[in-house]
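*Asks:* Here's my sequence, what's the structure:
(one chain, ligands or ions: 1)
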Amino acid sequence: MDKKVRRIGVLTSGGDAPGMNAAVRAVARTALANGIECIGIRRGWQGLINCDFIQLTRASVGHLLSRGGTILYTARSTEFMTEEGRQKAVTTCKMLGLDGVVAIGGDGTFRGALELSRLGIPVVGVPATIDNDVGCTNYTIGFDSACNTAIECIDKLRDTMQSHERCSVVEVMGRNAGFLALYVGTAVGATAVLVPEHMGDFEKNVIERIRGAKLAGYTHFMVVVAEGAGHATDIGKKIQDTLGIKPTITVIGHIQRGGAPTGRDRETATRMGYHAVMAFIEDRGNCIIGTQEGGIVEIPIEEALTMKKHLQMDRYKIMEIMQFGGGHDE
Ligand code: F6P
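*Replies:* Alright, predicted model coming up:
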């Protein structure tokens, strides 16, 4: 260890995700176990600007594994995007004597992390977003929980759709990415899945699939759409105009961001939080923690922000085959 780490800060920023609390707990407990004080910065980067903090103890991060949301609150700070705002954040770090900050969030959070690290404050990022759209890691905390929440909602929806022999359009989150929609659509046996990465031909991707299902004898149809691929109401209208059936519209919305994290999210958050603190202790700050091939990796922030993760089109294909190749909608 080159430089003794005495005190670190931890914050959550951007959209919340189930498992963020488990990550905060892991950061605090790993720090404390290594003789490092841990300060919780509240309300993300804005809290660093406003010197809004709480002292974290082993006890104060107890009973957090199963708790959704984030006890540190979260925010999207426009002030932090300005040079002046970031200078205030640096002043807080100096005032509190922070040797580094663990930032838990998505790409937006990590862009902030890069800026702060350029001003001399070491930062380690922990990826947490239900969208799973962070390039340097194949998994982000919260994805599994959000998928399971959406799946539970859609399973319920299917019961009533089946009874009434209806078509449903369900919108799931994912402003820029279709990971959630594809995973959920596959898991519920959707008739069609619309993702921003593969907009293609609406007639082929949606209309023809519903028609094919009808011709195969099915009487209810489920269309799952990522919010980034269009609004459920617009998709419903197009279906009505083309096929003459009026779909029911369900927007699952922010429910997907809440609730108790799944085992996968609790366990991943714990490992990532641990590794974030170890990166500081072993003098490898200014990186993002990620998972690749099942193991934990550390990627320099600047490089991490250039990395892209593409929707797995092989999985999209499997989802399609399930609709027409291997039986439909069961
Ligand atoms: O957390 C990411 C995300 O869920 C996106 O999919 C979605 O568009 C966005 O957050 C909405 O967040 P908010 O309503 O907090 O702006």
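
*Asks:* only C-alpha atoms for contact and neighbour calcs from this point on.
*Replies:* Noted.

*Asks:* Got phi/psi on residue 291?
*Replies:* phi -120, psi 130 (degrees, to the nearest 10).

*Asks:* What separation do you get for it and the ligand?
*Replies:* For residue 291, the distance to the ligand equals 19 Å [C-alpha to the nearest ligand atom, to the nearest Å].

*Asks:* ok, how many other residues are close to that residue?
*Replies:* 18 (other C-alpha atoms under 10 Å).

*Asks:* ok, it - contacts?
*Replies:* The contact partners of residue 291, taken as C-alpha atoms under 8 Å, 6 or more residues apart in numbering, are 137, 138, 139, 297.

*Asks:* Also near the ligand: which of these, exactly?
*Replies:* Near the ligand, taking C-alpha under 6 Å from any ligand atom as the test, no member of those is found.

*Asks:* with these in mind, which one is nearest to residue 248?
*Replies:* Nearest to residue 248, judged by C-alpha to C-alpha, of the contacts of residue 291 is residue 139 at 32.2 Å.

*Asks:* Three-state assignment for residue 214, please.
*Replies:* helix (DSSP: H, G, I helix; E, B strand; the rest coil).

*Asks:* just checking, residue 163 is part of a helix?
*Replies:* Yes: under three-state DSSP, residue 163 falls within a helix.

*Asks:* What is the neighbour count of the closest residue to residue 12 other than its chain neighbours?
*Replies:* Closest residue to residue 12 apart from its sequence neighbours, by C-alpha to C-alpha, 6 or more residues apart in numbering: residue 104 at 4.7 Å. For residue 104, the count of nearby residues is 34 (other C-alpha under 10 Å).

*Asks:* My reading is that residue 104 lies in a strand. Confirm?
*Replies:* Yes: read with three-state DSSP, residue 104 is one of the residues of a strand.

*Asks:* could you measure it against residue 226, distance?
*Replies:* Using C-alpha to C-alpha, to the nearest Å, residue 104 is found at 24 Å from residue 226.

*Asks:* so where do the strands sit in this structure?
*Replies:* For the chain, strands defined by DSSP state E occupy the ranges 7-12, 37-41, 53-56, 100-105, 123-127, 167-172, 192-194, 221-226, 248-251, 287-292, 295-300.

*Asks:* Could you say which of the ones you listed is packed most deeply?
*Replies:* Of all the strands of the chain, strand 123-127 carries the top mean neighbour count, a mean of 32, counting by mean count of other C-alpha atoms under 10 Å.

*Asks:* Quick one: name the residues of the stretch 151-300 of the chain near the ligand.
*Replies:* 173, 174, 175.

*Asks:* if you go through the stretch 1-150 of the chain in chain order, where are the helices?
*Replies:* Using DSSP state H, counting those that start in this stretch, the helices of the stretch 1-150 of the chain run over residues 20-33, 44-50, 83-96, 107-118, 143-164.

*Asks:* my read: residue 287 touches residue 299, true?
*Replies:* Yes: using C-alpha atoms under 8 Å, residue 287 makes contact with residue 299 at a distance of 5.1 Å.

*Asks:* I'd like to know which of the contacts of residue 291 is nearest to the ligand.
*Replies:* residue 139 (14.0 Å; C-alpha to the nearest ligand atom).

*Asks:* Tell me the pLDDT of the closest residue to the ligand within the stretch 101-250 of the chain.
*Replies:* Closest contact between the stretch 101-250 of the chain and the ligand, by C-alpha to the nearest ligand atom, is at residue 174 (3.5 Å). Looking at residue 174, its pLDDT stands at 97.

*Asks:* One more: residue 64?
*Replies:* 98.

*Asks:* can you pull the contacts of it?
*Replies:* Each residue near residue 64 by C-alpha under 8 Å, 6+ apart is listed here: 21, 22, 25.

*Asks:* let's see 10 Å
*Replies:* Applying C-alpha atoms under 10 Å, 6 or more residues apart in numbering, we find residue 64 in contact with 19, 20, 21, 22, 23, 24, 25, 26, 70, 71, 260, 266.

*Asks:* What score does residue 329 have for pLDDT?
*Replies:* For residue 329, pLDDT reads 44.

*Asks:* Next: residue 284.
*Replies:* We have a pLDDT of 95 for residue 284.

*Asks:* in terms of contact, does it touch residue 301 like I think?
*Replies:* No: if you go by C-alpha atoms under 10 Å, residue 284 and residue 301 don't touch, sitting 11.2 Å apart.

*Asks:* More neighbours: which of these two?
*Replies:* With neighbours defined as other C-alpha under 10 Å, residue 284 and residue 301 compare such that residue 301 has more, 23 against 18.

*Asks:* Give the closest residue to that one in space, chain neighbours not counted.
*Replies:* In space, residue 301 is closest to residue 287, 4.7 Å off (C-alpha to C-alpha, 6+ apart).

*Asks:* Surely that neighbour touches residue 111?
*Replies:* No: Residue 287 is beyond contact range of residue 111, at 11.7 Å (criterion: C-alpha under 10 Å).

*Asks:* Contacts only, for residue 155.
*Replies:* Counting by C-alpha under 10 Å, 6+ apart, residue 155 has contacts 161, 187, 188, 189.

*Asks:* For residue 52, state which of these is nearest.
*Replies:* Nearest to residue 52 among those, with distances taken as C-alpha to C-alpha, is residue 187, at 41.6 Å.
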